[in-house]
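Chemist: How does the following fold in three dimensions:
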Amino acid sequence: MNTPQRDLTFFIVAGETSGDNHGAKLMRAIKKNHEESRFIGHGGDKMLKAGLEQMYHVDQLAVMGFSEVIKHLPLMFNVMGESLGRLRELRPDRIILIDYPGFNLRLAKNCAGLSLPVTYFILPQLWAWKEKRIKSFHKYIDQSLSIFPFEQDWFENRGVVASYVGHPFTEIVGPETSKEDFRTKHKIQPAESFLLLLPGSRQQEIDRHLLVYLAAAKQLQESDNKLKILIGKAPGVTLPHLGENILFETKDIRAAIAYSRAAITTSGTASLECAVLDTPEVVCYKLSALSGILAKALNKAPFISMVNLIGKRKIVPEFVQNEVTAERIIANIKPLLSNTKERRTMLDGYSEVRRSLGLPGVYNRAAEAILKRTINA
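Modeler: Sure thing, here's the model as predicted:
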């Protein structure tokens, strides 16, 4: 794509670890197509490395659940105020919002008087809950870029023009570490395998999931002394002291997923990543008691796992709130640790999901769409 090389300024917002990853790749794709592009806003280490002039880090912004958000309201008011002040000062060519709807849709509304064009990349899951937020898209968002195959029709049936650019996971590359080097690093013998625990990327998720995941894994280990336990640790979270004989991976989580026998996964990006990398899993999610009650009342989606939502059926077992027990996890993960019918059926389902995700080139298609709309404005 050939574009006139006038300077462009983007105000970009990602509030979570996954958004930071998407934001960094999108920034690089925009710069590849239009070198004279400047990015200011909120993001994490990856966006910082891609050239973001950072205001707040995702570690400060990643808050999940109703009661949790209330506790962090003073900080969020400050972030909103500083964002609006910077927008008035910068008058950027375009605002790019990435997921994180609780904050991002309010930002779009609050800056409406500035008449700045707004792109939303990684659309909020309005098909699951808070469908009334579609009004914000009618009023404040002038470009919507969808990453799920069913989303475009859902939004367009409600009067919002959306462009399906494909899913970022079509571009997943292999792990940085070879299987042999990974096993050597963690001292996993050829006859041994490991069960991966992915308790989440937010501290609240770690606090609610890790110990029950670990209890299940240790019980499984008691009946199979060749099974190791490996915990994938996200950046910016703290793990409690868990005793000996527990392995940890902080750098190459993708290798941990790819080489594990199976995984106990917290619902979110990681659950779909397991499907893309062909790792059988059980998916769980717990909120606080109050948040759980409200979520149950408001959530319209038939599943919590993106694998099941994309597949439109139950491909992976999933549990929420009080269903998340060591006993349930064990009963569902144990058949996946060997070459069983359950494991083969799940892997067949994964193949269907991968075919639904579209073709590689997602970030480049998104970048071209954003630049075309910005330059021609």
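
Chemist: My guess is residue 45 contacts residue 59. True?
Modeler: No - no contact is recorded between residue 45 and residue 59 when judged using C-beta atoms under 8 Å, the distance being 9.1 Å. Any C-beta I mention is one placed from the backbone N, CA and C, and that applies to glycine too.

Chemist: Common neighbours of the two, please.
Modeler: Each of residue 235 lies in contact with both residue 45 and residue 59 under the rule C-beta atoms under 8 Å, 6 or more residues apart in numbering.

Chemist: and residue 41, how many neighbours does it have?
Modeler: In terms of burial, residue 41 registers 26 neighbours under the definition other C-beta atoms under 10 Å.

Chemist: How about it, nearest residue that isn't a chain neighbour?
Modeler: Computed as C-beta to C-beta, 6 or more residues apart in numbering, the closest residue to residue 41 that is not its neighbour in sequence is residue 12, at 4.3 Å.

Chemist: Same question for residue 26.
Modeler: The shortest distance from residue 26 to any residue other than its chain neighbours is 5.2 Å, reached at residue 363 (C-beta to C-beta, 6+ apart).

Chemist: got a list of what that neighbour touches?
Modeler: Counting by C-beta under 8 Å, 6+ apart, residue 363 has contacts 22, 25, 26, 28, 29, 168, 171.

Chemist: can I see the domain layout of this structure?
Modeler: Here the chain is described, according to automatic domain parsing, as comprising the domains 8-166+361-375, 179-356.

Chemist: got CSV for these, with mean pLDDT too?
Modeler: Output for the domains of the chain, formatted as CSV (pLDDT from 0 to 100):
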stretch, mean pLDDT
domain 8-166+361-375, 92
domain 179-356, 91
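
Chemist: Isn't residue 279 up against residue 256?
Modeler: No - the pair formed by residue 279 and residue 256 falls short of the contact definition of C-beta under 8 Å, at 9.2 Å.

Chemist: so what sits against both of these two?
Modeler: Counting by C-beta under 8 Å, 6+ apart, the contacts common to residue 279 and residue 256 are residue 196.

Chemist: And those two? Which one has more around it.
Modeler: Between residue 279 and residue 256, counted using other C-beta under 10 Å, the more crowded position is residue 256 (28 against 24).

Chemist: roughly how far out does the host helix or strand of residue 87 sit from the chain middle?
Modeler: When secondary structure is defined using DSSP states H and E, the element that contains residue 87 is helix 73-90. Helix 73-90 has its average C-alpha position 24 Å from the chain's average C-alpha position, going by C-alpha atoms, centre = their mean, to the nearest Å.

Chemist: Make 24 the starting number, not 1.
Modeler: In the new count, where the first residue is 24, that last one comes out as helix 96-113.

Chemist: now for that helix, which elements pack on it?
Modeler: Helix 96-113 sits against strand 31-37, strand 60-66, strand 75-80, helix 81-84, helix 124-133, with contacts defined as 3 or more C-beta pairs under 8 Å, 6 or more residues apart in numbering; DSSP states H and E.
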